[in-house]
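I need the structure of the sequence given here:
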Amino acid sequence: MIIDTVCTYCGVGCDISFEIENGRIKKAFAKKEGLVSQGRLCIKGRKGWEYLYSPDRIKKPWIRKSFVEKNIDRFPEKIKNKLNTLTDLDSDFYESDLNLAVEITAWKLQDIKNLYGSHSIAGIGGARTSCESSYLFQKFIRKYVGSPHIDNCARVCHSPSLKGMKTTIGEGAATNPFDDIYDTEFIIVIGSNTTEAHPIVANRIFDVVKKGVDVAVIDVRRIKLSKIAKYNCVIPFETNLMVLNMMAQVILEEELYNLDFIRKRTKGFEAYRRKILNDPYADPDFFKTVKGYEYLSDTIREVARAYANKKSMILWGLGVTEHIDGSKAVMAITNLALLTGNIGKKGAGLMPLRGQNNVQGACDMGCLPYFDLDYREPEEIGLMTPDIIEGILKGKIKALYNVGEDIAHIHPNQNKIHNALRKLEFLVVHELFPNEITEFADIVFGVKSAYEKEGVYINAERRLHLSQPVIDSDLPDDWEILRDVAFKMGFDVFYRTSEDVWNEVRKVGNVRFSGATYRKLKERRLEGLQWPVKEEGTQILHTEKFRTLDGYGYFQYNQWKYRGMVKDIIEGNDVVYLTTGRIGVHYNNAIQTRRCSSLINKNKEDVLLLSLEDRDRFNNARTVILKSEYGETAPLKVVYSDDIKKGTAFVSFHFPESKINFLFGDESDSYVKTARFKSVKVKVIPV
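Prediction:
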């Protein structure tokens, strides 16, 4: 038997098919007619299902023993009478049946609400589950709990893309489908190690390069795409905004801009033009003062000319967004599209490469403190995740409900976060496996994975796919637990199926989803539909007008601030800057991939890359500890590479025991508080 569904990993959202024999998965593959996969899967797609059979799966709810002891005198009698049904799991947790865990969760949330008010409760998560569960999660927090404090993992990845694009063109999502790569004439990839993080998109880039399309790669190190790129811009850390502004200055000085497009479809051009042309940091010749990066003065000019003179696309990832000026850099990207008219048409547009399988969907569903479903303004704007953590430490947030987001691993400033989690009065977690955050939880619900349930997932190109169960599971879905907890709290919540929830999404979120019925999505399981969906989907946005209030695109100038690596190089300081990222065989916190033998056997640890030029500086050390002003890592294995420039370093962050995210502090994007994961000054200490 063959079952078609959608991959559970990155934001590419590949259609994936499973061969089932005697109720078990025999293999995973992609059909040639699959629109996203094109019949090709990365290694995580092919082998990343093995976790389904791991003995580590959380099968029944867990309840912390100390939580029971602390609350036993306050439990209502109906709960006290059922405590004898709890069984020992280990020294810290009992195992419970689902009904009792739901009942205790509902009671404790109501108890905290009564004692401290509804705003003392917050919710984080939703990007690893379906749209139905994400929608019900934000509704649960906002309506049933009564708190505005709801957020998701976009806070640590692409929130700056949403902010930057929404400010300038009115919509914070990809403008074109992935397949428009086949219709472009020039591609810029900035801050994205696409072959590792989004391999099936990278396949398309390789395809078109073979046909003569030129690529420019802008990154702080050489990546696999650099080998096929015509233009390689290895830039100093934290200079994305400066480089993008330099491109704009070249286009303006050489009058390569599309004046007809600018006059018809944009506002603010003259003010933007004046500021860019008078910005000393937007002059490509500035790089002649930065030792080791002088060549960029000429290369940036060449990239700007190619982008302006051709039908062009820009793809970017967390190497752009995870900075203090991430939102501003995204605005600089959209400025380039507005300058040249490279938007609103086939083969020309903007492609933020979203990370998690449903982070686009979680944002679309309203799992953000400042946006409700369909990007409407909520009744009350809540706290972003870093502010929730501050609120916990200040005693204002007493309870946290977490759906599938391991904030005790993947977020910055882990010393601070761990202290906050210890201070919570109540922490509820939905998870597949034990991980860092379950170490702090009071109640843990084991839930279905994406391969065990039906639901809508939205990929990085706005494409909706409907998943279906590949194997049977008697575990609950996230939305079912949320429904039952809300019901126990006294609300009339009667969703019977995920389709019931989705039909409410279509009704309330009708701007983007009104026509996206389960029937249509089942019929197009290998194709999907791109929102907005009415009768049909929408492949390309902004074809006639932008999605701002008046339909115009707005130039938004932001000057780069002199700082960081550039300042250190000019001043002659001998320092090391670290950036982080993914590797192809693992995913995010590796909660799933490390339980797939085919994947974990290929890579069992985070490895630090240092420059060959720095080998003598660190006495050819093979193991080091990294230390910043906020914390330090565990000992890390070192590989010296000529893809890394002097004074720079790279490490993956998949394994919590490496303690990589202890290095980062609270520095973050000035608008949306996305952490500066892509740049931290470190000391390298040989072990």
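
residues contacting residue 638?
For residue 638, the contact set (C-beta atoms under 8 Å, 6 or more residues apart in numbering) comprises 607-610, 618, 621-624. C-beta here means a position set from N, CA and C on the backbone, and glycine is covered the same way.

redo that, cut-off 10 Å
Listed by C-beta atoms under 10 Å, 6 or more residues apart in numbering, the contact set of residue 638 reads 607-610, 614-615, 618, 620-624, 649, 651, 684, 686-687.

how about low-confidence regions in the stretch 551-687 of the chain?
Nowhere does the stretch 551-687 of the chain drop to pLDDT under 70.

mind listing the helices for it?
Ranges of helices in the stretch 551-687 of the chain, per DSSP state H, counting those that start in this stretch, are 564-570, 597-600.

just how off-centre is the longest one within its chain?
Spelled out, that is helix 564-570. Taking C-alpha atoms, centre = their mean, to the nearest Å, one finds helix 564-570 lying 29 Å from the centre of the chain it belongs to.

what are the ranges of the helices in the stretch 51-200 of the chain?
65-71, 77-80, 98-116, 131-139, 159-169, 194-197, 199-210.

For residue 527, which of these is the nearest?
Closest to residue 527 of those, according to C-beta to C-beta: helix 199-210, at 15.0 Å.

roughly how far is the closest one from the heart of the chain?
That offset, for helix 199-210, works out to 22 Å (C-alpha atoms, centre = their mean).

separation between the nearest residue to residue 20 once chain neighbours are set aside and residue 18?
Computed as C-beta to C-beta, 6 or more residues apart in numbering, the closest residue to residue 20 that is not its neighbour in sequence is residue 1, at 4.6 Å. Residue 1 sits at a distance of 9 Å from residue 18 (criterion: C-beta to C-beta, to the nearest Å).

neighbour-wise, which of the two wins?
The neighbour count for residue 1 versus residue 18, taken as other C-beta atoms under 10 Å, is higher for residue 18 (19 against 9).

Please report how far the more buried one lies from residue 83.
Counting by C-beta to C-beta - residue 18 and residue 83 are separated by 41 Å.

Buried among the contacts of residue 638? Make that a PyMOL selection.
In PyMOL, a selection of the buried entries from these looks like this (16 or more other C-beta atoms under 10 Å):
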select buried, resi 608+609+610+614+618+621+624+649+651+684
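
got a pLDDT number for the nearest residue to residue 187 once chain neighbours are set aside?
Excluding its sequence neighbours, the residue lying closest to residue 187 (C-beta to C-beta, 6+ apart) is residue 215, at 4.8 Å. Residue 215 carries a pLDDT value of 98.

On the three-state scheme, residue 215 is what?
strand (DSSP: H, G, I helix; E, B strand; the rest coil).

who touches residue 368 in this structure?
126, 138, 150-152, 154-155, 159, 162, 362, 375, 378, 381-382, 384, 672.

In terms of pLDDT, where does residue 442 sit?
pLDDT, residue 442: 98.

In contact with it, which residues?
Contacts of residue 442 by C-beta under 10 Å, 6+ apart are 62-64, 66-68, 70-71, 93, 104-105, 108, 399-400, 424-429.

ok, back up a step: tell me how far the residue nearest to residue 187 lies from residue 94.
56 Å.

try residue 573
Taken as C-beta to C-beta, the span from residue 573 to residue 94 is 55 Å.

So the two - more neighbours on which side?
Taking other C-beta under 10 Å, residue 573 and residue 94 do not tie; residue 94 has more neighbours (21 against 11).

Skipping its backbone neighbours, what lies nearest the more buried one in space?
Nearest residue to residue 94 in three dimensions, chain neighbours excluded: residue 86, at 3.9 Å (C-beta to C-beta, 6+ apart).

Quick check: phi and psi at the one you found.
phi -70, psi 140 (degrees, to the nearest 10).

Please shift the residue numbers so they start at 27 in all later answers.
Sounds good: first residue 27 from here, last item residue 112.

Can you list the buried residues in stretch 617-632?
617-622, 625-626, 629, 632.

can I get those residues in JSON lines with distance to residue 656?
Listed next are those as JSON lines, based on distance: C-beta to C-beta, whole Å:
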{"residue": "617", "distance to residue 656": "24"}
{"residue": "618", "distance to residue 656": "28"}
{"residue": "619", "distance to residue 656": "27"}
{"residue": "620", "distance to residue 656": "26"}
{"residue": "621", "distance to residue 656": "30"}
{"residue": "622", "distance to residue 656": "32"}
{"residue": "625", "distance to residue 656": "30"}
{"residue": "626", "distance to residue 656": "29"}
{"residue": "629", "distance to residue 656": "26"}
{"residue": "632", "distance to residue 656": "18"}
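
From the residues you listed, pick the one nearest residue 588.
Looking across those and measuring by C-beta to C-beta, the closest to residue 588 is residue 632, at 32.2 Å.

one step back: spit out the contact partners of the residue nearest to residue 46.
44-49, 52.

now do residue 596
Here residue 596 is in contact with 315-317, 588 (C-beta under 10 Å, 6+ apart).

got it, and residue 247?
219, 260-261, 345, 605, 607, 635, 637, 667, 669-671, 674-676.

ok, and the most crowded of the residues you listed?
In terms of neighbours by other C-beta under 10 Å, the contacts of residue 247 top out with residue 345 at 29 neighbours.

Local confidence estimate at the closest residue to that residue other than its chain neighbours?
Excluding the flanking residues, the one nearest residue 345 by C-beta to C-beta, 6+ apart is residue 217, at 2.4 Å. At residue 217, the pLDDT value in this model is 96.
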